[in-house]
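Visitor: Here is a sequence together with a model predicted from it:
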Amino acid sequence: MTEPINIRTLEPGTRIALVDGATAEIVSNPADGVWVFARCLSSPDDAARVGSEEMIFAQDIVEIRTAGQ
Amino acid sequence: MNRTNQLTRMLLKQEVEEFLYHEADLLDDRRYEEWLALVADDVRYWMPMRRNVKFGEEEREFTRAGHDINWFDEGKETLTRRVKQILTGIHWAEEPVSRISHMVSNIRLVEVNPSVEAPAEVTVKCRFLIYRNRVETETDILVGKREDLLRRVDGQWKIARRKIVLDQNVLLTKNLTFFF
Amino acid sequence: MRATSEGYRPGLVNMAAGQISREIFVNEEIYQEELERLFARVWLFVGHESQIPKPGDYFVSGMGEESVILCRDRAGKVHVFLNSCRHRGMKVCRYDEGNTPVFTCPYHGWSYGTDGKLVGVPYFREAYHEKLDKAQWGLVEVPQLSFYKGTVWACWDPSAPPFLEYLGDFVRYLDLTLDGWDGSEGGSEILGGIQKWRIPCNWKFPAENFCGDSYHNISHRSVDLVGIGPSGSGRRDMQERLMARRLHVAFYERGHQTGVYMLPKDRPTPPSYQHSSVVAEYFAHCEEERRRRRGEWARLIGSPGEIFPNTALHPRQPRTIAAWHPRGPHETEVWRWYLVDAAAPAEVKDFLRDYYIRYSGPGGMTEQDDMENWNYAHAASRGTIARRYPYSYEQGLGFETDNYEWQGLPIPGTVMDITEAKSSEHNLRNLYRRWAEFMEAASWDELATWRVARAAE
């Protein structure tokens, strides 16, 4: 069980890992602590998702990735 | 600060507290003209309004003096008119007069210039609780913070600046016919 | 006390005798009917475009009892939404104003764009199996929105006439508040800081006062005695009263009314704002320009008026728009906006701002005495015995004229010239005449009587 992350202040450009194994990069953050807009960087089971912009829910973000991860 | 300084500061704080309590007595006793004598001619009396703002957007919270609409943003001339209005005896909002108690607490000296030994101006912070009861059952309790600049003029303290920060957004009293 | 079974006019609002039952101010059932029959069907003032200049800007406002969000979406289009999540009702915005890309509900996380569309639904794939039709669950939006010289108006009833038709000829009087002091069209801006406060009385007390209660000067005698006016003495410039005709103008079919001063032909406007020479010069220049642009119509100086049912206009000294929001039959929440010309010099805006807040609002030396009267008039009218006795509204009954004209300037509306009479309750009666019509009418078909007249022609 991962520690919850306060996503409210995550900057655009931050890379995040999602609960389903996908990774994404934050495009914009409405600063509500509930959603971020992010572009999918990788997906273990849906190649079509890569490159598309999605709304990511706070509870689906499991880790902040540092550059290079 | 050595012990002598500490004691001097403590005595100054005592003097300032006495002044603020005396001021509260004057207002509660409706001795408005004597209260006006404690107010500097160049006073700024300001009560901003408060907005509900998002975390991180604190700069939006308060309305600005000299720029936005506020609850009060005035000088001695207008304060004097307000007193005169009450003293006409036909200011219906204060007829019959309200029963008011000003409670002043959490008094702290924030800044003393030029020195504690020879203070000319003092910035004081405090909390207020104003209890107003009027007619039969009409009751208001207003609570907030005050930041005053007191100036020593001919051995007497005067209120040169007063900023009143009421802890309300929608004002929950129908009028502000009294002084904070 | 159902409108449809008993009828409002015979029992409660007696126009023929000029008597109105106290029940309409204090009765809980009537109040609940007002929410349905009045506030859900009329045009309501929600704000000013200068409050939401950029995409993403929002200002939380009110319509009747309800919280609404006035906002500008990413494409620049303005909306008014009910401030309530479609899922379980939580207020999606608890801030007064700001800028945001989305309105997110903190309860279950549903998120809406500034265009009201539901864009974020947690576990849409997993928990909803993608079956939720998001297009059906956007924020509730007003079906009618209208913009007029900076002001924004909203209406919950799709069958209501468009705003300008709702106003009818009253629009020329709304212009007295919204046009520039120099007679140029529009150009107003709102000063930052909307005053919001509660008064313990029914909303119709302040509403009728601003329709043109010409009789209540004694309320303000204390402020007249001490002087507050921009020229230092009196509550307002008394000069314009001395040479003008004073009129009450009402529009029977619409329910709007206002007071107005009509200056004589070819007489200069009396000087005002003598306290400050910069301000006095500015207004003197504006008056010249106004006469040049508006010709005869420049002879009109506005005084308090009301757009039916609860938008109060005060065109000058001070210049302000107020909404009287109902909060149960026994309480009103006032929201007050103050206007200036956007192009006015800073010193003029500063001067006016100082004047506005010592005149109006809870810190206003004038408005304070009004509220005391409304408070205790309401309180004294709640009792069993008190409710048996109607209020008297018969002042000037029968002395109205249509087709009023003075020195070549015709005045649209039904007019009471109160220059010699000093006062009338003509405008107040009009508010309640229209109120009773709304309480009885099943739909806007019955209320838009001018359409029937036009069709018959």
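Guide: Looks like it arrived, so ask away.
Visitor: Now do residue B:60 against residue B:53, distance only.
Guide: Between residue B:60 and residue B:53 the computed distance is 5 Å (C-beta to C-beta, to the nearest Å). Any C-beta I mention is one placed from the backbone N, CA and C, and that applies to glycine too.
Visitor: Now do the shared contacts for these two.
Guide: Common neighbours of residue B:60 and residue B:53, using C-beta atoms under 8 Å, 6 or more residues apart in numbering or on different chains, are residue C:98.
Visitor: neighbours of the residue of the stretch 101-250 of chain C at minimum distance from chain A, just the number please.
Guide: Chain A sits closest to residue C:104 of the stretch 101-250 of chain C, with a gap of 4.1 Å, by C-beta to the nearest C-beta. Counted with other C-beta atoms under 10 Å in any protein chain shown, residues neighbouring residue C:104 total 23.
Visitor: Then residue C:250?
Guide: 28.
Visitor: re the thing from before, surely the residue of the stretch 101-250 of chain C closest to chain A meets residue C:118?
Guide: No - the criterion here is C-beta atoms under 8 Å, and residue C:104 misses it with residue C:118 at 11.1 Å.
Visitor: Overlap in contacts, these two.
Guide: C:110, C:111, C:112.
Visitor: if you look at those residues, which of them are in strands?
Guide: Secondary structure from DSSP state E places C:111, C:112 of the shared contacts of residue C:104 and residue C:118 in strands.
Visitor: can I get the shared contacts of residue C:104 and residue C:118 in a markdown table with neighbour count?
Guide: Compiled in a markdown table, the shared contacts of residue C:104 and residue C:118 are given as follows (neighbours: other C-beta atoms under 10 Å in any protein chain shown):
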| residue | neighbour count |
| --- | --- |
| C:110 | 24 |
| C:111 | 23 |
| C:112 | 24 |
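Visitor: Show me which of the shared contacts of residue C:104 and residue C:118 is closest to chain B.
Guide: residue C:111 (15.0 Å).
Visitor: Verify the stated contact: that closest one with residue C:93.
Guide: No - using C-beta under 8 Å, residue C:111 is not in contact with residue C:93; the gap is 11.7 Å.
Visitor: any common contacting residues for the two?
Guide: The contact lists of residue C:111 and residue C:93 share residue C:103, where a contact means C-beta under 8 Å, 6+ apart.
Visitor: ok, now how distant is residue C:56 from chain B?
Guide: The gap separating residue C:56 from chain B is 13 Å, by C-beta to the nearest C-beta, to the nearest Å.
Visitor: Would you map the strands across the chain?
Guide: By default, I'm working from chain A. A:15-18, A:23-28, A:35-42, A:53-57, A:61-65.
Visitor: Oops, wrong one, chain B.
Guide: When secondary structure is read from DSSP E, chain B shows strands at B:39-47, B:72-74, B:99-114, B:119-134, B:138-153, B:156-166.
Visitor: now for the strand or helix carrying residue C:325, which elements pack on it?
Guide: Assessed by DSSP states H and E, residue C:325 sits inside strand C:320-326. Packing contacts for strand C:320-326, counted by 3 or more C-beta pairs under 8 Å, 6 or more residues apart in numbering or on different chains; DSSP states H and E, involve strand C:44-48, helix C:204-212, strand C:311-314, strand C:332-341.
Visitor: Name the residues that touch it?
Guide: The contact list for strand C:320-326, computed with C-beta under 8 Å, 6+ apart, reads C:31, C:34-35, C:39, C:44-45, C:62, C:64-65, C:151, C:177, C:202-204, C:206-207, C:210, C:310-314, C:332-339, C:356, C:360.
Visitor: quick one, it and strand C:44-48 angle?
Guide: For strand C:320-326 against strand C:44-48, the angle by axes from the mean of the first three to the mean of the last three C-alpha atoms, to 10 degrees is 130 degrees.
Visitor: Given strand C:320-326, what are its sheet partners and their directions?
Guide: strand C:311-314 (antiparallel), strand C:332-341 (antiparallel) (DSSP bridges).
Visitor: What is the neighbour count of residue 11?
Guide: Picking chain A for this. Residue A:11 has 8 neighbours, counted by other C-beta under 10 Å.
Visitor: sorry, should have said chain C
Guide: Around residue C:11 there are 12 residues (other C-beta under 10 Å).
Visitor: Do I have it right that it meets residue C:21?
Guide: Yes - using C-beta under 8 Å, residue C:11 is in contact with residue C:21, at 7.0 Å.
Visitor: what sits against residue 19?
Guide: Going with chain A. A:59, A:60, A:61, A:62.
Visitor: ah, no, chain C please
Guide: With C-beta under 8 Å, 6+ apart, residue C:19 has these contacts: C:390, C:391, C:392, C:393, C:394.
Visitor: Of those residues - the most surrounded one?
Guide: residue C:393 leads these on contacts (other C-beta under 10 Å) with 21 neighbours.
Visitor: where does that one fall, phi/psi-wise?
Guide: phi -130, psi 40 (degrees, to the nearest 10).
Visitor: Tell me which of the strands of chain B sits most buried.
Guide: Among the strands of chain B, strand B:72-74 has the highest mean neighbour count (mean count of other C-beta atoms under 10 Å in any protein chain shown), at a mean of 22.
Visitor: That one vs chain C: in contact?
Guide: Yes - residues of strand B:72-74 contacting chain C under C-beta under 8 Å from any C-beta of the partner chain: B:72, B:73, B:74.
Visitor: what pLDDT does the second one get?
Guide: Per-residue pLDDT puts residue B:73 at 97.
Visitor: Who are the contact partners of residue 31?
Guide: The chain I'm using is chain A. Counted by C-beta under 8 Å, 6+ apart, residue A:31 has contacts A:8, A:9, B:54, B:56.
Visitor: that answer is for a different chain, and I need it for chain B
Guide: Per C-beta under 8 Å, 6+ apart, neighbours of residue B:31: residue B:25.
Visitor: can you rerun that using 10 Å?
Guide: Contacts for residue B:31 (C-beta atoms under 10 Å, 6 or more residues apart in numbering or on different chains) come out as B:25, B:37.
Visitor: Around the nearest residue to residue B:51 once chain neighbours are set aside, count how many other residues there are.
Guide: Ranked by C-beta to C-beta, 6 or more residues apart in numbering or on different chains and with sequence neighbours excluded, the top spatial neighbour of residue B:51 is residue C:96, at 4.0 Å. By other C-beta under 10 Å, 21 other residues sit near residue C:96.
Visitor: Report the separation between the residue of the stretch 101-250 of chain C closest to chain A and residue B:57.
Guide: Counting by C-beta to C-beta, the separation of residue C:104 from residue B:57 is 15 Å.
Visitor: Likewise for residue B:107?
Guide: 31 Å.
Visitor: returning to that earlier point: of the contacts of residue A:19, buried ones?
Guide: Buried members of those, counted by 16 or more other C-beta atoms under 10 Å in any protein chain shown: A:60, A:61, A:62.
Visitor: Relative to residue C:56, which of those is nearest.
Guide: Nearest to residue C:56 among the buried ones among the contacts of residue A:19 is residue A:61, at 23.8 Å by C-beta to C-beta.
Visitor: That closest one - nearest residue in space that isn't next to it in sequence?
Guide: Nearest to residue A:61 is residue A:16, by C-beta to C-beta, 6+ apart, at 5.0 Å.
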